[in-house]
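Colleague: I'd like to go over a predicted model; first the sequence, then the structure.
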Amino acid sequence: MSHCKILYVCQEITPYLPESDMSVLCRALSQGMQERGNEIRTFMPRYGLINERRNQLHEVIRLSGMNLIIDNNDHQLIIKVASIPSARVQIYFIDNEDYFHRKAMIRDEDGAFFADNDERAIFFARGVLETVKKLRWSPDIVHCHGWFSAIVPVYLRNAFADDPVFKHTKIVLSVYDDAFEGELDPGFKSKIQGEGVGRKYLSHLDKPTYENLMKFVINYTDGVIFETPEPPEAIRDLLVEKKKRFLEYQDKSTPEYLDQYQAFYNKVLANE
């Protein structure tokens with residue numbers, strides 16, 4: 001099962017955003033797994049600080065125009081696309097004027113966490129999955145990177161559970177050193193419950209901290225990859241308790257680490 005369809009849902013990707021462990025890895029995985037013969041689709045938010053002209057983003061009209069209702073409010077879904085020429089990789093961008101036109105990612109110029117980050121993450125997750133449905137492309141693996149993408153596994157196992165496009169999809173979550181301080185909006189729990197998410201595991205979100213969000217999401221995954229040498233012990237303990245597969249942190253200094261990711265995907269797909 002060496003070749004498969006992989007959907008990458010990324011919080012950030014270089015060269016559209018500055019280099020970080022996450023943005024570099026998402027770029028490398030998209031390119032590396034495609035070069036290994038896998039079929040790839042990659043998504044990220046179209047943050048307002050991304051220069052559309054320089055990066056040659058353009059709207060995909062046939063995929064755009066849908067309205068998503070978040071907490072009883074309509075928000076238009078716009079899909080844009082660009083290519084990384086040196087990698088021959090195409091990137092899809094989830095865009096919306098209300099959530100992604102501010103000139104920042106998840107914090108304002110003073111470093112304050114955006115109060116609506118919970119809704120922005122919900123919109124991003126819904127936007128990705130609705131677009132994949134429109135593409136009529138059934139991924140074997142959905143690999144989510146960064147807490148901002150973490151709502152995707154929840155929706156896949158709840159609101160989209162009966163959709164034939166995702167019927168056989170396996171979910172992998174990468175856990176980074178990207179914890180946010182404080183909590184998401186107190187209404188986050190009720191917002192996603194209103195999106196068709198069942199009550200099971202929702203008690204984790206009584207206090208929506210980063211750690212509690214990760215604990216909640218892990219229940220819906222088939223495997224977890226640590227992208228930090230020292231992940232939170234509470235998350236590691238939960239994986240052991242739930243008997244979830246996980247891959248330890250891989251040294252990225254040589255290309256061989258990509259083989260470990262491919263092998264992990266194959267184990268998840270084979271249910272080993």
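Modeller: That came through fine. Residues are numbered from 1 along each chain as shown.
Colleague: quick one: the strands in the stretch 51-200 of the chain?
Modeller: Applying DSSP state E, counting those that start in this stretch to the stretch 51-200 of the chain gives strands spanning 58-59, 67-70, 73-76, 78-84, 89-95, 141-145, 170-175.
Colleague: make CSV from those and add distance to D163 to it.
Modeller: C-beta: built from backbone N, CA, C; applies to glycine. Formatted as CSV, the strands of the stretch 51-200 of the chain follow (distance: least, CB to CB, whole Å):
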stretch, distance to D163
strand 58-59, 25
strand 67-70, 16
strand 73-76, 21
strand 78-84, 18
strand 89-95, 18
strand 141-145, 13
strand 170-175, 14
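Colleague: could you say which one of the ones you listed comes nearest to Y265?
Modeller: strand 141-145 (5.4 Å; CB to CB).
Colleague: the closest one - which strands sit beside it in the sheet, and in what orientation?
Modeller: Here strand 141-145 is paired, per DSSP bridges, with strand 5-10 (parallel), strand 170-175 (parallel).
Colleague: what would the ones you listed look like in CSV with mean neighbour count?
Modeller: CSV is the format used below for the strands paired with strand 141-145 (neighbours: other CB atoms under 10 Å):
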stretch, mean neighbour count
strand 5-10, 25
strand 170-175, 24
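Colleague: how about CSV for the ones you listed, with mean pLDDT added?
Modeller: Below are the strands paired with strand 141-145 laid out as CSV (pLDDT from 0 to 100):
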stretch, mean pLDDT
strand 5-10, 98
strand 170-175, 98
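Colleague: columns distance to N67 on top of these, output as CSV?
Modeller: Compiled in CSV, the strands paired with strand 141-145 are given as follows (distance: least, CB to CB, whole Å):
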stretch, distance to N67
strand 5-10, 21
strand 170-175, 26
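Colleague: just the strands of the stretch 51-200 of the chain: most buried one?
Modeller: Of the strands of the stretch 51-200 of the chain, the one with the most neighbours on average (mean count of other CB atoms under 10 Å) is strand 141-145, at a mean of 26.
Colleague: quick one: average confidence on the helix ranked longest in the chain?
Modeller: Among the segments of the chain that qualify as a helix by DSSP state H, the longest is helix 117-135. Averaged over helix 117-135, pLDDT sits at 97.
Colleague: angle of that helix against strand 141-145?
Modeller: Orientation note: helix 117-135 sits at an angle of 150 degrees relative to strand 141-145 (axes from the mean of the first three to the mean of the last three CA atoms, to 10 degrees).
Colleague: with just CA atoms, put helix 117-135 into CSV.
Modeller: Extracted C-alpha coordinates of helix 117-135, given in CSV (Å, rounded to 0.1, in the frame of the first residue of the first chain):
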residue,chain,number,x,y,z
ASN,A,117,-9.9,32.1,16.3
ASP,A,118,-12.4,29.3,17.2
GLU,A,119,-14.7,30.4,14.4
ARG,A,120,-11.9,30.8,12.0
ALA,A,121,-10.7,27.3,12.7
ILE,A,122,-14.2,26.0,12.2
PHE,A,123,-14.6,27.8,8.9
PHE,A,124,-11.2,26.5,7.7
ALA,A,125,-12.1,22.9,8.5
ARG,A,126,-15.6,23.1,6.9
GLY,A,127,-14.1,24.9,3.9
VAL,A,128,-11.5,22.2,3.3
LEU,A,129,-13.9,19.3,3.6
GLU,A,130,-16.7,21.0,1.5
THR,A,131,-14.1,21.7,-1.2
VAL,A,132,-12.7,18.2,-1.3
LYS,A,133,-16.3,17.0,-1.7
LYS,A,134,-16.7,19.3,-4.7
LEU,A,135,-13.5,17.9,-6.2
